[in-house]
Each structure stands twice: as C-alpha cells, then as structure tokens.
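Colleague: Turn this into a structure:
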Amino acid sequence: MTRVYKVENDDATARAPLFPSCRLVLAIVGFFMFVHLYAQRVGMSVAIVCMVNHTASAKENETANTDPACAREVSNTTTEDGPFNWDKGIQGHILGAFFYGYLVSQIPGGLLAEKYGGKWVLTGFLGLSTLATLLTPLAATFHHAALITLRVLVGIGSGALFPAMHAMLGQWAPPMERSLLCGLTYAGSMMGNVIALPMSALLCQYGFAGGWGSVFYVIGLSSTLCIIVWILLSSSTPATHPRISEAEQSYITRTLKAEVSDEKISWSQVPWLEFAKSGPVWAIIIGNFCTDWGLYTFLTNIPTFYKEVLNFDITSNGIYSALPFVGLWANMTVSPIIADYLRSKGILSTGVTRKLFNTIGLIGAGLFLIGLSFLDCSQTVLAVGLLCLAVTISGCVYSGYFVNHMDIAPQYAGTLMGISNGISACSGFIAPQVAAELTESRTRESWQMVFFIAAGVYAFGAILFCVLASGEVQPWAVKNQPQQMEIKVIENGSPNYRPIYRPRLSNGSLPTDPMLTETEKL
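Modeller: Numbering: from 1, shown residues only. The predicted structure is shown next:
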C-alpha cells in the first residue's frame with residue numbers, strides 16, 4: 001500500500017552528532033558500570049583459590065591428583081595456602097550463592113527502572129553489591145555462612161543492572177544508533193572479566209589484607225568511585241539531563257517518538273498463557289539456560305580447573321583465566337555484523353540465521369570442551385587453547401537466541417528477556433554446585449565429567465532450539481503490533497519512500513481511516 005503525502009523538512013529531526021554527545025557519555029560510563037559489575041562477580045572465582053587451605057583439604061582426600069608429571073609441576077609452584085579449610089561442597093555454595101540473588105532481582109529491576117528511572121535503580125543496586133563486596137573479607141573470617149549471605153546480596157545488586165540499563169537505553173538510544181550504544185555499554189561485562197581475573201590473581205599474591213582480602217577492597221573502592229561518576233554524569237531520560245543540548249534532546253525525542261507506540265502495556269495485557277504455550281518462547285528459554293550453564297561453569301570454575309588439573313600458580317591462573325573472555329568479547333562484536341549481513345542480503349532468513357549461529361556457538365563450544373577433558377598438565381598450551389576456543393565460539397549465540405525475542409514478539413521483547421534470563425539464572429547456582437560435587441577428588445577424570453555434562457547441555461540446547469525456534473512474529477504478538485506501510489514522501493520536490501507504522505485497533509484489525517493529511521508533517 002502506497003500513499004503520497006507532501007511533507008516539509010524539519011530541522012528538529014536533523015541528526016545530532018554522536019561525538020560529542022550526552023548519549024555517548026552515558027554509554028561510556030555505563031560500560032564502566034558493567035566492568036565493575038562483572039569484577040564483583042568473578043573476583044571471588046580467583047580469590048577463593050588463594051582463600052582455601054588446599055594442603056589441609058588434600059590430607060582429607062587421598063584420591064588427589066597423583067599424576068607423576070603433575071607432581072613435578074606442583075613441586076615448583078610457590079602458591080601459598082589460604083586460611084580457610086573449606087571442602088568442595090562449601091566452595092560450590094560460595095561460588096553459586098551469587099546466582100540466588102541474581103535470579104530474584106531481574107524482573108523487579110526492570111519494573112523499578114520504568115517507574116522511578118534507570119539512573120537511581122542502577123545506583124542503588126550496584127551500591128548494594130558494592131557494600132557487600134567491601135564487607136566480604138570480614139564475613140569470610142567470621143563464618144562461611146556470612147560470606148554466602150553477602151554473595152547473595154552481591155547477586156541481588158547485580159541482577160537488576162541488565163534490565164534497568166536496558167530500560168534506560170530505551171529512553172536514550174535512537175533507532176539507528178541502538179546497536180552501537182547498547183554494544184558499547186554491555187561490552188563492559190566481558191571486559192570486566194578480562195580486567196578482573198588477572199588483577200585479582202596479582203592482588204592475591206602481592207596485595208594487602210592477606211592478599212585475597214585486597215581483591216574485594218580494591219574492587220569495592222573502585223566500584224564506589226564509578227558510582228559517583230555515574231551519578232554526576234548520567235540521567236534517566238534526555239528530558240531530565242541538566243547539560244544536554246536542545247538539538248540532541250530534540251533528536252532523541254523525535255526519533256524515539258516515531259517508534260511503534262507510546263502506549264504502555266499493563267501486566268493484564270501481557271499474553272502470559274500464550275508465552276507458556278509457545279514453542280519459540282521455550283526455544284529461547286532453553287537456549288538461554290543451556291548457554292548460561294556453560295558460561296557460568298566457565299566463570300566460576302576456570303581458575304579452580306587451572307589450579308587442580310593444569311597446576312598453574314595464581315598469577316598465571318589469573319592471566320590465562322582472562323584469555324578466553326578476550327575471545328568471547330571479540331566474537332560478540334563480530335558475529336552480529338555477519339548475521340545482519342546474511343539477513344540483509346537475503347542469503348539466509350531470520351529463522352535460519354538464528355538457528356545457524358546458535359548451533360555453531362553451542363555445538364562448537366561442546367566439541368572443544370570434550371577435547372579439553374582429555375588433557376592434563378603436560379599439555380597446558382593445548383588445554384588453554386581449547387578452552388579459549390570453546391568460550392570464544394560460544395559468543396555466536398548472541399546472534400542466535402539472544403536477539404530472537406525481538407524477532408518473534410517485538411512488542412514483548414523486554415518481558416520475554418526478563419523471563420528467559422531469570423529462569424536461566426538458575427543454572428548459575430546449579431552448575432557450580434554440580435562441578436564442586438564431581439571434582440571432590442581434584443583429578444582430570446573428575447573434571448572430565450564436568451566438561452562432558454556441559455557439552456551435553458550445550459547439545460541439548462542446540463537441538464531443541466533448531467526444532468522449536470522461529471524467526472517470524474508470532475500470532476499472539478500481532479494484536480498490538482503496528483502495521484508497517486510504505487508511503488511516498490515528497491521532500492523538496494523529490495520523491496522518497498519511507499516506512500511508517502500504524503497501530504492496530506483493540507480487536508487486532510487495521511484502521512481504515514487516513515493516517516495523515518497531505519499537509520501534515522511526519
């Protein structure tokens with residue numbers, strides 16, 4: 001359907017430059033907020049290696065790794081034991097406690113951000129996790145139950161940040177800059193791993209407060225500084241920013257106003273039952289859960305695997321633990337570009353593209369993990385290489401299930417993300433506990449079971465996603481979805497075709513009355 005309207009150019013819609021701009025500053029400061037978010041998350045994974053008295057634990061376990069080659073490596077290792085005699089079960093609870101809190105705060109974080117503004121929700125929740133991080137050394141010396149409680153609080157503070165930032169960027173990111181601004185902001189999460197893992201290892205060995213204590217003090221104090229900068233430079237919306245230019249505010253407001261609809265959907269209007277009955281929705285949930293199982297196995301157990309099987313000292317441990325996430329960060333940047341190219345050129349449909357990249361990410365990572373499970377400390381270079389490849393290739397899923405919410409139900413993409421990510425957070429405390437129970441003996445064979453299980457979970461997720469996933473908007477998501485029309489716009493005497501969106505009526509039908517008059521501006 002094509003209609004012809006004469007419209008005039010409007011200077012208010014002229015694109016405001018990204019550099020310099022308040023929205024770019026927001027993305028940069030948001031980047032560092034996520035750096036600290038992940039530093040607080042993964043710092044414990046390294047610190048626990050130098051917190052635990054491994055000698056005492058080994059005496060309680062006669063089946064420890066006795067491989068002759070590994071024994072020679074151990075004799076040259078200078079890592080000192082920590083003060084805490086925690087068995088593998090307690091260690092698993094400590095590493096998994098984060099995800100109990102992470103699970104419960106995701107949906108509330110998004111709702112609070114929409115009601116009160118993302119700036120203060122991010123400030124409050126990261127402030128909570130920062131306070132808990134600073135108190136961690138004191139809690140650890142008191143009792144491991146107190147430490148577990150604080151890790152739950154760190155999880156609660158962290159869980160709200162992704163949905164809150166997503167709601168905030170929805171107010172700030174123009175459509176043509178959304179991928180760039182969101183990508184820049186969320187890249188801080190993987191960079192947090194890259195920075196925090198080796199830094200934590202160095203602090204463990206050379207820091208103050210027993211070494212391991214300095215990990216939490218440094219991360220906590222740095223997070224505090226970041227929060228202060230965030231408060232000074234950020235604002236929940238362009239309209240409330242004290243320093244934004246009129247041109248930039250007008251540009252953001254006008255471009256976002258042209259988006260689907262300003263009408264907010266109430267909880268009663270969300271098709272919850274249709275979600276539960278939808279195969280594509282379950283494909284996303286399963287893909288998300290299986291991906292997170294592997295990711296959280298990596299995040300919480302790589303340092304321990306390096307120590308128990310490859311016998312790395314704590315400094316090497318931190319450096320090599322960061323390497324896989326450098327590759328993951330790079331793949332998260334490159335894969336979406338390739339996927340969008342395949343779709344835009346008509347080479348692959350949206351559904352096939354999502355299934356292809358999801359399969360490459362999950363099956364590829366699983367195969368590398370299976371290969372890794374057969375290696376020991378005599379093959380450290382190959383082992384680190386396979387682990388880096390496994391984590392790196394898993395980044396392809398960010399062009400698979402991770403964006404599929406917007407393919408099948410753009411009107412409810414945020415709600416679906418909260419559901420799938422919330423359910424998937426369960427893998428964060430299940431996977432570390434499974435790994436802890438299976439690796440009581442600290443042998444290569446016990447870690448082999450951990451990697452085989454992760455590979456099996458990956459394969460399960462890849463297969464079900466291929467069977468159930470879709471790249472098309474689902475019928476239950478159409479009712480309030482606008483209709484895209486093509487209109488022929490006459491600008492300064494030159495014709496130009498431009499898509500516009502018309503909201504459907506409450507019964508799901510399309511309006512029949514003209515949307516614009518010939519003199520109305522778009």
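
Colleague: mind listing what's buried in the helix or strand harbouring residue 25?
Modeller: Assigned by DSSP states H and E, residue 25 belongs to helix 22-51. Neighbour-count burial for helix 22-51, with 16 or more other CB atoms under 10 Å as criterion, is recorded at 22-27, 29-51. All C-beta spots, glycine's among them, are computed from the backbone N, C-alpha and C.

Colleague: residue ranges for the helices of the stretch 51-200 of the chain, please.
Modeller: Using DSSP state H, counting those that start in this stretch, the helices found in the stretch 51-200 of the chain span residues 54-59, 68-75, 88-104, 106-116, 118-134, 136-142, 144-159, 161-172, 178-206.

Colleague: Would you reformat these as CSV and include distance to residue 424 and mean neighbour count?
Modeller: Output for those, formatted as CSV (distance: least, CB to CB, whole Å; neighbours: other CB atoms under 10 Å):
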stretch, distance to residue 424, mean neighbour count
helix 54-59, 31, 14
helix 68-75, 35, 13
helix 88-104, 9, 23
helix 106-116, 10, 20
helix 118-134, 19, 22
helix 136-142, 25, 18
helix 144-159, 12, 22
helix 161-172, 12, 23
helix 178-206, 15, 21
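
Colleague: With respect to residue 420, which of the ones you listed lies nearest?
Modeller: Closest to residue 420 of the helices of the stretch 51-200 of the chain, according to CB to CB: helix 106-116, at 10.0 Å.

Colleague: Would you mind getting the angle between the closest one and helix 161-172?
Modeller: 30 degrees (axes from the mean of the first three to the mean of the last three CA atoms, to 10 degrees).

Colleague: Packing partners of helix 106-116?
Modeller: helix 118-134, helix 161-172, helix 413-424 (3 or more CB pairs under 8 Å, 6 or more residues apart in numbering; DSSP states H and E).

Colleague: Residue 215 is nearest to which of those helices?
Modeller: That would be helix 118-134 among the helices and strands packed on helix 106-116, by CB to CB, at 9.2 Å.

Colleague: What average pLDDT does the closest one get?
Modeller: Mean pLDDT, computed over helix 118-134, is 92.

Colleague: Please enumerate the helices of the stretch 251-400 of the chain.
Modeller: Going by DSSP H, counting those that start in this stretch, the stretch 251-400 of the chain shows helices at 272-277, 279-308, 314-344, 350-372, 380-393.

Colleague: Dump the ones you listed to a markdown table, plus distance to residue 17, mean pLDDT and mean neighbour count.
Modeller: As requested, the helices of the stretch 251-400 of the chain are exported to a markdown table (distance: least, CB to CB, whole Å; pLDDT from 0 to 100; neighbours: other CB atoms under 10 Å):
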| stretch | distance to residue 17 | mean pLDDT | mean neighbour count |
| --- | --- | --- | --- |
| helix 272-277 | 41 | 87 | 13 |
| helix 279-308 | 36 | 83 | 25 |
| helix 314-344 | 23 | 76 | 19 |
| helix 350-372 | 32 | 91 | 22 |
| helix 380-393 | 34 | 87 | 20 |
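
Colleague: Same list, those helices, but as TSV with distance to residue 426 please.
Modeller: What follows is those, written out as TSV (distance: least, CB to CB, whole Å):
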stretch	distance to residue 426
helix 272-277	17
helix 279-308	7
helix 314-344	22
helix 350-372	18
helix 380-393	21
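
Colleague: can you tell me which of these comes nearest to residue 407?
Modeller: Comparing the helices of the stretch 251-400 of the chain by CB to CB, helix 350-372 comes nearest, at 5.5 Å.

Colleague: Can you spell out which helices and strands pack onto the closest one?
Modeller: helix 279-308, helix 314-344, helix 380-393, helix 401-408, helix 444-468.

Colleague: just to revisit the earlier point, make TSV out of the helices and strands packed on helix 106-116 and add distance to residue 220.
Modeller: Converted to TSV, those look like this (distance: least, CB to CB, whole Å):
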stretch	distance to residue 220
helix 118-134	4
helix 161-172	16
helix 413-424	26
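
Colleague: And these: which comes nearest residue 104?
Modeller: Using CB to CB, these put helix 413-424 closest to residue 104, at 8.3 Å.

Colleague: next one: the closest one to chain centre, how far?
Modeller: 12 Å (CA atoms, centre = their mean, to the nearest Å).

Colleague: again, but for stretch 154-168
Modeller: The chain centre lies 10 Å from the centre of stretch 154-168; the measure is CA atoms, centre = their mean.

Colleague: repeat for stretch 197-215
Modeller: With CA atoms, centre = their mean, you get 26 Å for stretch 197-215.

Colleague: First-to-last residue distance for it?
Modeller: This stretch, stretch 197-215, spans 10 Å end to end (CA to CA, to the nearest Å).

Colleague: Average pLDDT for that stretch, rounded please.
Modeller: pLDDT averaged over stretch 197-215 gives 85.

Colleague: Same question for stretch 433-448.
Modeller: pLDDT averaged over stretch 433-448 gives 80.

Colleague: Could you check how far residue 355 is from residue 477?
Modeller: 19 Å (CB to CB, to the nearest Å).

Colleague: same question, residue 373
Modeller: 41 Å.

Colleague: can you count the residues close to residue 232?
Modeller: For residue 232, the neighbour count with other CB atoms under 10 Å is 8.

Colleague: Could you report the pLDDT at it?
Modeller: 92.

Colleague: name the helices or strands packed onto the helix or strand encompassing it?
Modeller: Assigned by DSSP H and E, residue 232 belongs to helix 212-233. Helix 212-233 makes packing contacts with helix 22-51, helix 118-134, helix 136-142, helix 178-206 when contacts are defined by 3+ CB pairs under 8 Å, 6+ apart.

Colleague: Show me what the last one is packed up against.
Modeller: For helix 178-206, the elements it packs on are helix 22-51, helix 161-172, helix 212-233, helix 279-308, helix 314-344, judged by 3+ CB pairs under 8 Å, 6+ apart.

Colleague: Great, nothing more from me.
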